[in-house]
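Chemist: structure, please.
(one chain, ligands or ions: 1)
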Amino acid sequence: MPIKFVDLAAQNAEVRQQVDAECERIHDCTAYVGGPQVAQFEARFAQYLGVGHAIGVGSGTDALRLALLAAGVGPGDEVITTPMTFIATAAAILQTGAAPVFVDIEPDTATISADAVRRYLEAGTFRTSNGPRAIVPVHLYGLPAAMGPLLEIARRYNLAVIEDACQAHGARVHVEGGWKRAGAVGTLGCFSFYPGKNLGAWGEAGAVVTDDAQLAERVSVLRDHGRLSHYLHRESGYNARLDTLQAAVLLGKLERLEEWNSRRRAIARRYCELLSRCDVQTPIEPEGAESCYHLFVIRSPRRDLIRQALMRDQIGCGIHYPVPLHLQPACAALGYRRGDFPVSERLADTILSLPMHPHLTEHDVRTVAEAVAAALCAH
Ligand SMILES: Cc1ncc(COP(=O)(O)O)c(C=O)c1O
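Modeler: Okay, the predicted model is just below:
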């Protein structure tokens, strides 16, 4: 039996009745844009994260772009981030007119190195006229970045912290004396509800969250054509609203997110146990960080061999991501070269994402772990 990398059908089976009923209500009143489900979802998501405001938007990329714009980022500014992420992190920065500046990641967690950020700021040689304006830490694979040190640096250099929490719905981080949800720590937090995420819609969707009422208002106006009233526009904004139908799906799935995440965590623990005797590196959670295991990523210099064996056995797997952003053609104009970020480059060559979703059975997890072990033993 094939083992799926993600299993959206199994998720849907759990929420289908509830979501279908909600969708029927939407069809009855035809409020496809700006229906009451949007505000309902925003309120529940904000409550779940423990933040003052959540603003539904069209995608995670919209969330990042609007959060950056709301924080005042624009042409002439730099935004410090990591090259080990999905292209959207850098694309959103570029779309504001600012320049992404990459710093390398921590070798053990694969999240942005606070020391590297500090070194860059201390060196004081910047790439643009205004210099750095914001930091975008990415909670890669669902593991929160080291937010304590990053907040400290941001305060010292007066930078906004815009969390890319697009893979980290429900992850937690211990910061400044207490546990907080990823996305709820910085100036603004950005989420994607792309279907395969821990909290996924039935299409494109995203959200920006913040405790700052003024920033929330700015994001809210920007996502809706800069609108003050129906045909009065304060500024030239975007069409980046969250669909009512997607909000209905998200309302249904949000109720199950905690349970689904705890299943993911249990599956991750099981993988770690079963793979402990194999010559592969399994993910770690540093003290003060709790991953929501959007992805379960192992590392091995023999990654390609393991991948081929899994594919032969019809076990879904992937590489997130094979090409760090500084080596992407889309970022060529930034002028980086191979060798600039050795930790990210090494990681890209050795990582493999194993199947990870809340509906994997013990048998599935065993089968995957045995296939990994067999691939390594056979060579
Ligand atoms: C780390 C990261 N940032 C940004 C995004 C962009 O989100 P979306 O695809 O919803 O625009 C994603 C989603 O794929 C992501 O994984």
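
Chemist: spell out which residues of this structure are next to the ligand.
Modeler: Residues of the chain found near the ligand (CB under 6 Å from any ligand atom) are 59-61, 85-86, 88-89, 138, 164, 166-167, 192, 194, 206. All C-beta spots, glycine's among them, are computed from the backbone N, C-alpha and C.

Chemist: I'd like these as CSV, with secondary structure appended.
Modeler: Formatted as CSV, these follow (DSSP: H, G, I helix; E, B strand; the rest coil):
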residue, secondary structure
59, coil
60, helix
61, helix
85, coil
86, coil
88, helix
89, helix
138, strand
164, strand
166, coil
167, coil
192, strand
194, coil
206, strand
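
Chemist: which of those lies closest to the ligand?
Modeler: Closest approach to the ligand among the residues of the chain next to the ligand (CB to the nearest ligand atom): residue 60, at 2.3 Å.

Chemist: I figured that closest one hits residue 195, correct?
Modeler: No - look at residue 60 against residue 195 with CB atoms under 8 Å: they stay out of range, at 11.9 Å.

Chemist: so what sits against both of the two?
Modeler: Counting by CB atoms under 8 Å, 6 or more residues apart in numbering, no residue touches both residue 60 and residue 195.

Chemist: and the nearest residue in space to residue 64 that is not next to it in sequence, what is it in contact with?
Modeler: Spatial nearest neighbour of residue 64, chain neighbours left out: residue 92 (3.5 Å); criterion: CB to CB, 6 or more residues apart in numbering. Residues in contact with residue 92 (CB under 8 Å, 6+ apart) are 61, 64-65, 68.

Chemist: now residue 130. Nearest residue, chain neighbours left out?
Modeler: Residue 130's closest residue in space is residue 76 (CB to CB, 6+ apart), at 4.3 Å.

Chemist: surely that neighbour meets residue 127?
Modeler: No - counting by CB under 8 Å, residue 76 stays clear of residue 127, with 10.5 Å between them.

Chemist: tell me how many other residues crowd the residue nearest to residue 130.
Modeler: Residue 76 has 13 neighbours, counted by other CB atoms under 10 Å.

Chemist: still on that earlier bit, ramachandran coordinates for the residue nearest to residue 64?
Modeler: Residue 92 has phi and psi values of phi -60, psi -40 when expressed as degrees, to the nearest 10.

Chemist: quick one on the thing from earlier: next, the residue nearest to residue 130: phi, psi?
Modeler: phi 90, psi -10.

Chemist: same check, this time on residue 153
Modeler: Main-chain torsions, residue 153, degrees, to the nearest 10: phi -60, psi -40.

Chemist: do residue 330 as well
Modeler: Residue torsions, per degrees, to the nearest 10, at residue 330 are phi -60, psi -20.

Chemist: walk me through the domains of the chain.
Modeler: 8-103+110-251, 256-377 (automatic domain parsing).

Chemist: packed most tightly, which of those domains would that be?
Modeler: domain 8-103+110-251 (a mean of 20; mean count of other CB atoms under 10 Å).

Chemist: biggest helix in the protein by residues?
Modeler: Taking DSSP state H as the criterion, the chain has its longest helix at helix 244-275.

Chemist: coming back round to it: would you turn the domains of the chain into CSV with distance to residue 2 and mean pLDDT?
Modeler: Below are the domains of the chain laid out as CSV (distance: least, CB to CB, whole Å; pLDDT from 0 to 100):
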stretch, distance to residue 2, mean pLDDT
domain 8-103+110-251, 13, 97
domain 256-377, 4, 97
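
Chemist: next one: residue 201 from residue 27, what distance?
Modeler: Shown here: residue 201 relative to residue 27, a distance of 17 Å by CB to CB, to the nearest Å.

Chemist: same check, this time on residue 260
Modeler: Residue 260 is 27 Å from residue 27, by CB to CB.

Chemist: and what of residue 133?
Modeler: Distance, residue 133 to residue 27, using CB to CB: 44 Å.

Chemist: and what of residue 135?
Modeler: 43 Å.

Chemist: do the same with residue 340
Modeler: Distance of residue 340 to residue 27, computed by CB to CB: 52 Å.

Chemist: now for residue 289: which residues touch it?
Modeler: By CB under 8 Å, 6+ apart, the contact list for residue 289 reads 109, 143-144, 146, 171-174.

Chemist: so residue 249 touches residue 197, yeah?
Modeler: No - using CB under 8 Å, residue 249 makes no contact with residue 197, being 11.9 Å away.

Chemist: residues touching the closest residue to residue 286 other than its chain neighbours, list them.
Modeler: When the adjacent residues along the chain are set aside, residue 286 lies closest to residue 109, with 6.1 Å between them (CB to CB, 6+ apart). Neighbour list for residue 109: 140, 143, 145-146, 284, 286, 289 [criterion: CB under 8 Å, 6+ apart].
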